[in-house]
Every structure is written in structure tokens, then in C-alpha cells.
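Asks: I would like to see how this sequence folds:
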Amino acid sequence: MTTATPRHPRTSAHRTPAHRTIEDRWQRFWAEGDPFRARDDGSRPRRYLLTMFPYPSGDLHMGHAEVLALEDVVARYWRLRGYDVMNPVGWDSFGLPAENAAIRRGESPAVFTEANIATQAATLRRYGVSFDWSRRLETHRPEYYRWTQWLFLRLLENDLAYRATAPVNWCPQDRTVLANEQVVGGRCERCGAAVTQRELTQWFVRTTAYADRLLDDTRLLDGAWPARVLAMQRRWIGRSTGARVRFDVVGGGSVEAFTTRPDTLPGVTFLAVAPDGPAAATLCAPDRTGALAACRQAALAAGEIARTTADHPAVGTFLGTWVVHPTTGEHLPVWAADHVLPGYGTGVVMGVPAHDERDARFAAAHGLPAGSGETWPSVDDAVAHLEHSGRGERATSYHLRDWLVSRQRYWGAPVPVVHCPGCGVVPVPDAELPVRLPDLAGDDLLPRGRSPLASPAADAWRRVPCPRCGADAERDPDTLDTFVDSSWYFLRYCSPDADDVPFRPEDARRWMPAAKYVGGGEHAVLHLLYSRFVTKVLHDLGWVDAVEPFASLLAQGQVVNRGRAMSKSLGNGVDLGEQLDRYGVDAVRLAMVFAGPPEDDVDWADVAPAALQRFCSRALRLADDVGPAGGPASDAPVETARDGRAHTLRRTTHRTVHEAADLLERDRFNVVVARVMELVTAARGAIDAGPGPGEGPAAHAAAVREAVEVVAVLLSLFAPCTAEEMWERLGHAPSVAEAGWPQVDPALLVEATVEAVVQVDGRVRDRVTVARDVGADALRGAALATAGVARSTAGREVVRVVVRPPRVVNVVTRPRDATTAEPDVPPDGASALASHPTVR
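Replies: As a prediction, the model looks like this:
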């Protein structure tokens with residue numbers, strides 16, 4: 001090959017094809033060759049990359065495009081570094097949207113679900129994500145939810161799942177129970193309907209049994225998970241230490257209040273009760289039930305987060321009940337107050353206005369006494385007094401509550417138990433799993449205040465013999481919350497073909513914990529907490545070695561438009577398919593990554609996919625200009641003159657690779673894109689300029705080829721279709737994903753010259769460029785010859801010159817003695833100063 005010369009795009013030997021032509025070609029190659037399947041043969045160190053799997057409610061949207069672009073950077077980088085990467089794909093495919101769509105359409109939820117999965121799978125393949133499709137899973141498939149039911153039975157047999165009657169959040173539109181976390185501002189997070197409360201018998205999972213471990217083990221994740229996510233986990237678990245204090249109720253009975261400050265008991269002027277907790281109903285006088293109901297509804301409407309903020313109004317109502325102060329005998333009023341949460345402690349707290357700002361605001365708003373500031377000497381003294389008098393004891397409280405897992409809807413994994421009149425609750429034997437859903441569709445799915453599985457349409461399915469005694473019995477009509485499905489899916493990916501176990505422990509031992517989990521911050525509490533809980537349970541049961549499921553976490557921001565969340569009603573929605581058609585897959589992927597750090601929001605109005613489309617074309621033209629290897633330049637030695645253009649380009653190339661590795665390890669993907677752009681510019685400049693004076697064309701061409709090949713390899717992380725095309729046009733067999741990480745020559749990372757700072761009396765007066773290996777004498781001479789030193793030393797005596805090669809020179813002076821005759825100094829002061837002998 002002769003030296004590369006610039007070509008005008010219109011006369012290029014290879015006209016750049018339309019982006020769709022290139023995309024179609026490489027998407028076929030990836031689909032047919034399956035190059036991203038994990039080997040799992042021990043030939044390479046393993047890395048497990050996990051992405052929060054999507055819900056199939058339609059095609060992929062812009063948020064999916066961001067998370068997929070980010071996670072694929074990691075997957076492709078790890079492969080280039082020599083890892084055996086498991087990057088599986090799946091769908092969280094049970095849930096309400098499919099069921100509601102089926103009711104509207106008069107069909108089974110499976111139709112909606114599977115059509116959307118097919119649509120999303122096609123888009124995923126088009127988007128070029130390097131998934132291992134051999135591990136694909138969908139949680140609505142019986143072969144998957146069989147093992148979700150198996151997991152529930154393991155919880156049940158270890159006293160970690162139980163059935164209880166409790167006040168629950170009820171969505172009147174979706175007609176199902178909601179966990180507290182699914183109520184936002186008093187409304188259903190899915191449909192927006194105002195939430196009410198009902199007393200229902202529900203299934204719960206005892207997450208509180210693991211509260212301490214869930215909290216303490218967050219220390220294992222410090223530095224590997226975002227600090228804000230860990231803070232949210234810790235707040236949600238919410239461990240507090242203090243005491244339970246018993247107050248006698250006037251008229252009979254008693255109530256316990258939890259406090260972290262039992263030493264402030266002398267200052268209690270009222271008790272505050274969560275309006276939506278069981279204690280409020282118990283303590284409420286008959287004539288105050290209406291006021292309590294209104295207070296409860298206001299609390300639900302506000303939501304738990306808003307209720308505990310400092311600026312939340314002091315909402316409450318007197319319950320018509322009094323209690324006796326345990327030490328003074330004074331009668332204290334009992335109030336429902338919405339700043340008290342039902343799951344914190346006993347749902348009852350002491351009102352101490354003199355020691356708590358929130359209590360002070362509440363007391364002032366409702367005309368309650370402020371009380372005294374008197375306290376006992378210490379918390380320990382207070383606890384000792386309470387325990388001695390039988391009025392209380394030391395206690396620990398948590399914000400975390402047990403996980404409500406049953407739902408009164410159809411499209412979920414059926415709860416695998418049978419209710420027998422004689423035997424009670426009987427688990428379905430493992431050998432009879434899965435308990436498959438019956439075929440229901442359309443109006444048969446309407447909840448009508450109870451689960452569709454309790455309707456006459458499901459009678460034949462529901463009525464079964466008791467597995468224990470054979471008597472007539474009925475299946476449980478509820479289904480499991482979809483968070484149960486997603487609490488363990490990462491383990492199933494380890495053994496997707498296992499049909500006798502949910503996963504093989506030896507497979508999980510090889511892959512777990514996942515090295516990195518990529519997903520949105522909206523799952524910072526619930527999904528991550530439940531996954532951590534299930535992992536710890538399975539660890540205790542001997543199924544996994546890991547105590548945490550995800551070694552590190554990358555939580556990306558949102559994709560917005562014009563500063564607001566995308567919404568059809570706001571008119572700012574952006575269709576991903578349209579963007580891919582218009583700009584191409586690579587341009588959209590680059591736009592997502594280049595917009596900023598992963599944790600920041602991406603405002604689509606501020607990005608420029610058209611510019612990135614042009615950048616991809618510029619990169620392709622580099623490959624066209626260099627062409628395939630095979631000529632004289634291909635075999636030329638890589639050695640180049642230190643002051644030539646080829647050497648400068650090689651230094652730029654190797655520094656880019658070196659810096660990119662560090663940036664990728666720190667998830668600074670956007671900066672890597674910028675570095676690749678700079679390398680493209682440098683390569684184009686070298687091609688256009690040609691060899692420098694005294695520089696051979698072979699060495700120049702070799703340096704250019706090296707740079708363009710590095711562009712192709714680095715670009716494969718962000719724009720894989722363009723990179724594959726470049727790699728082939730450069731004469732290599734596909735795939736660039738198997739090229740390996742470029743080797744860096746450490747000698748080329750060393751700067752030939754550096755900028756030395758020249759100071760006079762500690763103040764920067766000039767700068768001078770010198771060789772990195774400059775000697776002390778040469779650096780001193782160069783510094784003293786600068787105009788800045790001449791100006792700053794005029795009329796002063798140089799005491800000494802401190803030299804620290806190659807970065808710093810400091811000239812130390814003092815006022816010249818007025819009686820000392822001034823020597824003749826040339827106009828620039830250089831000659832006299834340069835001859836000064838003092839160097840330290």
C-alpha cells in the first residue's frame with residue numbers, strides 16, 4: 001500500500017452507504033454468527049453484566065435506548081479486555097398493563113405480551129446490543145414462574161412467608177392491593193386513581209427478619225454503588241434504637257409508643273398516632289371516627305415521603321381518647337397526626353414539643369401545650385427507670401415493613417398453596433409445579449372487587465383435592481407481585497436450560513455476583529432491596545455463595561425533552577423508531593452516551609444526532625482512505641522520528657487508548673467519545689498533510705493505519721455498525737468485537753516536552769517549554785532568559801535560583817543595596833542573570 005492520500009467523498013473508491021444498509025448487514029452477521037454467547041468454558045475470566053430487563057408494554061422507548069447504549073459499552077469493553085462476558089436478555093412480562101389491555105381487547109394477556117416482546121426483540125437486535133440470546137427468559141412462561149412459585153414455597157416453609165389480615169391500600173380502578181411503595185401522593189402509581197384502604201387477608205414476606213443484614217451489608221457496597229442509592233436503601237430500612245414506653249388508656253387498656261429519646265419523657269404533652277395505622281382505629285372514640293377517616297384519607301393523598309418533610313402542614317385530629325403519663329400521672333390527649341407513619345415503631349410516638357421541632361409545629365397548630373424542657377440525665381438512665389418500673393424497655397425499630405406480595409389480579413404467578421377445610425393452608429408439592437394459569441380472557445379478567453381467579457370462570461381451575469388429605473379444597477385465588485418475579489431472575493440467567501432446579505448452584509458460583517448492574521434510579525429502593533433479600537435467603541439455604549447479588553451498580557439518569565419528562569399529553573414525546581430511521585442506530589447510541597455522564601439526565605432537545613451521524617461518516621472515510629493492508633506500508637516498521645508527524649500521531653493514538661481505559665473503568669463514557677473524536681481529527685489531519693520533511697511514506701502510512709484501526713476498535717463500544725464496517729474496509733475479518741484491546745507503548749505516553757513554570761519570589765512570571773529530560777543548568781538558563789524574569793528582577797538582586805527539573809524554576813531576589821553600584825545590564829537582563837552561579 002502506498003501512502004494514504006486524501007480523497008474527496010464524491011470520488012472515494014467506496015461511497016459511504018446509507019446507514020440502514022450498513023446496519024442491516026451487520027445485524028444479520030450478529031444474528032447468524034451469535035458472537036456474543038458466553039463461552040463459560042474457563043478459557044477466560046468471567047464477567048457477568050446485567051441490565052434491568054424491560055416490561056413489554058409496547059416498543060422500546062428513549063429511556064431503553066439510553067440504558068442499552070450504556071450497558072453495551074461495558075459489555076463490549078470487557079470482551080475487548082479478554083473477559084468471557086455473560087450479557088443476557090429477558091422480559092419482566094407479567095403485570096397489570098397487559099391484563100388491562102386484554103380486558104379492553106377481549107383477549108388473553110398473553111397475546112398483548114408476546115406481540116410486544118416480539119416487537120421489542122426486533123428493536124433490540126436492530127439496536128445492536130451484544131446480548132447473549134441463548135439465555136433469553138420471559139417471566140410469564142410456565143418454565144420460569146414454576147421456579148418463582150418454588151421460591152415462594154421455600155419462603156413459606158422457612159417461616160418467611162405468612163398470611164395475615166391487615167389494612168391494605170386498594171386501587172379502585174385496577175381493583176387490586178398496592179404496596180405502600182406503589183402509592184405516590186395518595187394515588188396508584190400505575191393508573192393515578194385515588195387510593196383507599198381495605199381490610200383484606202394477604203400474603204406477606206418477612207423482609208423484616210433480614211433488616212439488620214440488609215442494612216449492615218450496605219457497607220460492602222460503599223464505593224461500588226452510587227452513594228444516593230445506598231442512602232435511599234438505608235433510609236428505607238430505617239433502623240432506630242430507643243425504647244418502647246407503655247401508656248395506660250383512660251377507661252382501660254394500654255398503648256405503646258416508640259421513641260429514640262426516652263430521656264425526654266418528662267416533656268411529653270400528647271401522643272401522636274399514625275392515622276392509617278391499626279392503633280388509630282383502636283384508640284378512636286366512636287364520635288371521632290368520621291374525623292379520623294378524613295385524616296386518614298388526607299394522609300394517603302399526601303404520601304409517606306411528603307408527610308415526613310419539614311415543610312409539610314401539621315395535619316391531624318383529636319381521637320377523643322386520653323392516656324396517663326407513666327411518671328406524672330397527668331392525662332394526655334391522643335391525636336392522629338399524619339407525620340407519624342404506621343410502619344415506624346408501633347405507629348405511636350410521644351409528642352415532646354420542647355425537644356422536637358415537628359412536635360412543636362404540631363402543638364402550635366392545634367393548641368397543645370409546649371411542655372417543659374426537663375429531661376432525665378441520659379437515655380440509659382431513662383431506659384433503666386422504665387424497665388425497673390415495668391413501664392417500658394429498650395427497643396429497636398425499623399421503617400422497613402414486611403413485603404406484601406399477593407395481588408388480586410390474573411396476570412401473575414399463582415400463589416402455590418391450597419386451602420383445605422381440614423388441613424388449612426397446604427403447599428402445592430414441588431413435583432406439581434408449576435401451578436399454571438387457567439385460560440381466561442376479556443371480561444373474565446375483570447376483578448369486580450376480588451381476584452379473577454376467584455370468579456366462576458375459574459371454578460374448574462380453583463377446585464382441587466387437598467394434596468395432603470385428598471378432601472375437596474381450593475387453590476389460592478391471588479397471584480404474586482411482579483417484584484417477586486424480578487427478585488431472582490439474575491440467578492435463572494446462570495442456568496437457563498435447567499429443568500430440575502431454578503438454577504444450578506455451581507453455575508451461580510461461577511458467575512455471581514453480577515459484576516455490574518445497569519438500570520434506572522427509579523428502582524433504587526424496591527427492586528434492589530427485594531433482590532438483596534432473596535439473595536441472602538438463598539445464601540442461608542445453601543443455594544448461592546454470594547451475600548449480595550450485584551457487586552457494582554450503574555444507575556443512569558432519565559431521557560427528557562425540553563427539560564420535562566417525555567409525555568404524549570405534553571407534546572414532547574420522541575419516538576425511538578423514528579430517530580433510528582432518521583439518524584441511524586450508531587448516531588442515536590452515540591448521542592445517548594456523549595450527552596453527559598451516565599448518572600445525568602439526557603435532554604434530547606440538547607443533543608445533536610445529525611452531527612454524530614456525520615461523525616460516523618467521517619470515521620468511515622478514514623477507513624476508505626487507508627484501505628486494506630497488504631502493500632509496502634503494511635509491513636513498514638513502526639519506528640518513527642521523534643519530531644515527525646507520524647510520531648506525533650502515534651503518541652496521540654497511544655495516549656487515547658491509555659486514557660480511554662481509565663475513563664471506561666470509571667464509567668466516563670462521554671469523555672471517551674470525545675477522545676475518539678480528537679483521534680479522528682488527528683488521523684484526518686495526518687492523511688491530508690502527508691509525510692513530514694524527512695519522513696518516509698511507509699512510516700507515515702503505518703502510523704495512520706494504527707490510528708484508524710484504534711478508532712475502529714474504540715468506536716465499536718459506541719457505534720458498532722460503523723466500527724464493523726471500518727474494520728472490514730481496513731482488510732480485517734469480522735468481528736471487531738474480537739480484535740482485543742489495543743496495546744499501549746509506554747514510551748509513547750511520555751511527553752517529549754513539558755512546560756516549566758518560572759517564578760520570581762514564588763510568583764509565576766513566565767513559562768518556558770523544555771525537553772522532558774532537561775538538565776538543571778539548561779533549565780536555569782532558559783528560565784533566566786525569559787522576558788518575565790527580566791522584568792520582575794529589574795532593580796533587585798538575585799539571591800539564588802531554585803531549579804526542580806523539568807517543571808519549576810524559582811528566582812529568589814531581594815532589594816538591591818542602594819549603596820551598591822548597579823552593574824551594566826543588557827536591556828533584556830538575560831546575560832547577567834544567566835551567568836548567576838547559584839543553583840539548588
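Asks: what's near enough to touch E678?
Replies: By C-beta atoms under 8 Å, 6 or more residues apart in numbering, E678 lies in contact with 652, 656. Bear in mind the C-beta positions are built from the backbone N, C-alpha and C, glycine included.
Asks: what residue ranges in the stretch 401-550 of the chain score low on pLDDT?
Replies: In the predicted model of the stretch 401-550 of the chain, no residue satisfies pLDDT under 70.
Asks: need the residue closest to the centroid of the chain.
Replies: Nearest to the geometric centre of the chain sits A555, at 1.9 Å (C-alpha atoms, centre = their mean).
Asks: for it, name its beta-bridge partners.
Replies: Assessed by DSSP bridges, A555 has beta-bridge partners G519.
Asks: isn't it right up against E599?
Replies: Yes. Taking C-beta atoms under 8 Å as the definition, A555 is a contact partner of E599 at 6.4 Å.
Asks: find residues that contact each of those two.
Replies: Common neighbours of A555 and E599, using C-beta under 8 Å, 6+ apart, are P226.
Asks: just to revisit the earlier point, what pLDDT is listed against the residue nearest to the centre of the chain?
Replies: The pLDDT attached to A555 in the predicted structure is 94.
Asks: state the distance from it to R684.
Replies: Relative to R684, A555 is positioned 37 Å away (criterion: C-beta to C-beta, to the nearest Å).
Asks: ok, A314 next?
Replies: Spatial separation of A314 from R684 under the definition C-beta to C-beta is 67 Å.
Asks: neighbour-wise, which of these two wins?
Replies: R684 (19 against 16; other C-beta atoms under 10 Å).
Asks: isn't the more buried one right up against L622?
Replies: Yes. Taking C-beta under 8 Å as the definition, R684 is a contact partner of L622 at 6.6 Å.
Asks: quick one: average pLDDT of stretch 597-611?
Replies: This predicted structure assigns stretch 597-611 an average pLDDT of 93.
Asks: what ranges do the helices span in the stretch 151-300 of the chain?
Replies: In chain order, the stretch 151-300 of the chain shows helices spanning 211-216, 227-237, 278-283, 289-302, with DSSP state H, counting those that start in this stretch as the criterion.
Asks: which one of the ones you listed lies closest to A794?
Replies: Proximity to A794 (C-beta to C-beta) singles out helix 227-237 among the helices of the stretch 151-300 of the chain, at 54.0 Å.
Asks: for the closest one, enumerate the helices and strands it packs against.
Replies: helix 211-216, helix 526-540 (3 or more C-beta pairs under 8 Å, 6 or more residues apart in numbering; DSSP states H and E).
Asks: packing partners of the last one?
Replies: This means helix 526-540. Counting by 3+ C-beta pairs under 8 Å, 6+ apart, helix 526-540 packs on helix 142-157, helix 211-216, helix 227-237, helix 482-486.
Asks: give me the residues contacting whichever helix or strand comes after the last one.
Replies: Which is helix 482-486. The first helix or strand that comes after helix 482-486 along the chain, using DSSP states H and E, is helix 489-492. Helix 489-492 has contacts (C-beta under 8 Å, 6+ apart) with 50, 53, 90, 92, 137, 139, 144, 147, 502-503, 508, 512, 514, 517, 531, 538, 544, 549-550.
Asks: can we see that at 7 Å?
Replies: With C-beta atoms under 7 Å, 6 or more residues apart in numbering as the contact definition, helix 489-492 has outside contacts at 50, 53, 90, 137, 139, 144, 147, 502-503, 508, 514, 549.
Asks: strands - which of those land there?
Replies: Using DSSP state E, 50, 90, 137 are the members of those that sit in strands.
Asks: CSV for those residues, including distance to R492?
Replies: As requested, the ones in strands among the contacts of helix 489-492 are arranged in CSV below (distance: C-beta to C-beta, whole Å):
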residue, distance to R492
L50, 12
G90, 8
L137, 6
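Asks: could those go into CSV alongside neighbour count and distance to R246?
Replies: Rendered in CSV, the data for the ones in strands among the contacts of helix 489-492 read as follows (neighbours: other C-beta atoms under 10 Å; distance: C-beta to C-beta, whole Å):
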residue, neighbour count, distance to R246
L50, 23, 48
G90, 22, 51
L137, 18, 52
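Asks: one step back: right, so of the helices and strands packed on helix 526-540, which gets closest to A498?
Replies: Proximity to A498 (C-beta to C-beta) singles out helix 142-157 among the helices and strands packed on helix 526-540, at 8.9 Å.
Asks: got the angle between the closest one and helix 526-540?
Replies: Angle between the axes of helix 142-157 and helix 526-540 is 70 degrees (criterion: axes from the mean of the first three to the mean of the last three C-alpha atoms, to 10 degrees).
Asks: from the chain's centre, how far out does helix 142-157 sit?
Replies: Shown here is helix 142-157, whose average C-alpha point lies 27 Å from the average C-alpha point of the whole chain (C-alpha atoms, centre = their mean, to the nearest Å).
Asks: buried set for it?
Replies: Along helix 142-157, the positions that meet the burial threshold by neighbour count (16 or more other C-beta atoms under 10 Å) are 144-156.
Asks: which elements pack onto it?
Replies: For helix 142-157, the helices and strands in contact under the criterion 3 or more C-beta pairs under 7 Å, 6 or more residues apart in numbering; DSSP states H and E are strand 424-427, helix 482-486.
Asks: chain center to the first one, what's the gap?
Replies: Mean C-alpha position of strand 424-427 versus that of the full chain (C-alpha atoms, centre = their mean) differs by 39 Å.
Asks: after that strand, next one along is what?
Replies: According to DSSP H and E, the helix or strand after strand 424-427 is helix 459-462.
Asks: so what strands line up beside the helix or strand that that following helix is followed by?
Replies: If you walk from helix 459-462 toward the C-terminus, the next helix or strand you reach (DSSP H and E) is strand 463-465. Based on DSSP bridges, the pairing partners of strand 463-465 within the sheet are strand 472-475 (antiparallel).
Asks: tell me where the stretch 551-700 of the chain has helices.
Replies: For the stretch 551-700 of the chain, the helices identified by DSSP H, counting those that start in this stretch occupy 576-583, 585-594, 609-626, 645-665, 669-689, 697-715, in order along the chain.
Asks: before we move on, back to that, could the ones in strands among the contacts of helix 489-492 go into a markdown table alongside distance to V607 and pLDDT?
Replies: Formatted as a markdown table, those follow (distance: C-beta to C-beta, whole Å; pLDDT from 0 to 100):
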| residue | distance to V607 | pLDDT |
| --- | --- | --- |
| L50 | 27 | 98 |
| G90 | 29 | 98 |
| L137 | 33 | 97 |
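Asks: what is the nearest of the residues you listed to R39?
Replies: Relative to R39, the closest of the ones in strands among the contacts of helix 489-492 is L50; by C-beta to C-beta it sits at 17.9 Å.
Asks: looks to me like L319 is in a strand.
Replies: Yes. Secondary structure of L319 (DSSP: H, G, I helix; E, B strand; the rest coil): part of a strand.
Asks: burial of A395, as a residue count?
Replies: 19.
Asks: any low-confidence regions in the stretch 51-200 of the chain?
Replies: For the stretch 51-200 of the chain, counting by pLDDT under 70, the residues that fall below are 179-181.
Asks: where exactly do the strands run in it?
Replies: Ranges of strands in the stretch 51-200 of the chain, per DSSP state E, counting those that start in this stretch, are 84-86, 88-91, 132-138, 161-171, 176-178, 183-184, 187-188, 196-205.
Asks: tell me which of those strands sits nearest to V352.
Replies: For V352, the closest of these is strand 161-171, at 27.6 Å, according to C-beta to C-beta.
Asks: tell me how far that closest one is from the chain's mean position?
Replies: Chain-centre distance of strand 161-171: 30 Å, with C-alpha atoms, centre = their mean.
Asks: for that strand, name the packing helices and strands.
Replies: Checked by 3+ C-beta pairs under 7 Å, 6+ apart, strand 161-171 has strand 176-178, strand 196-205 packed alongside it.
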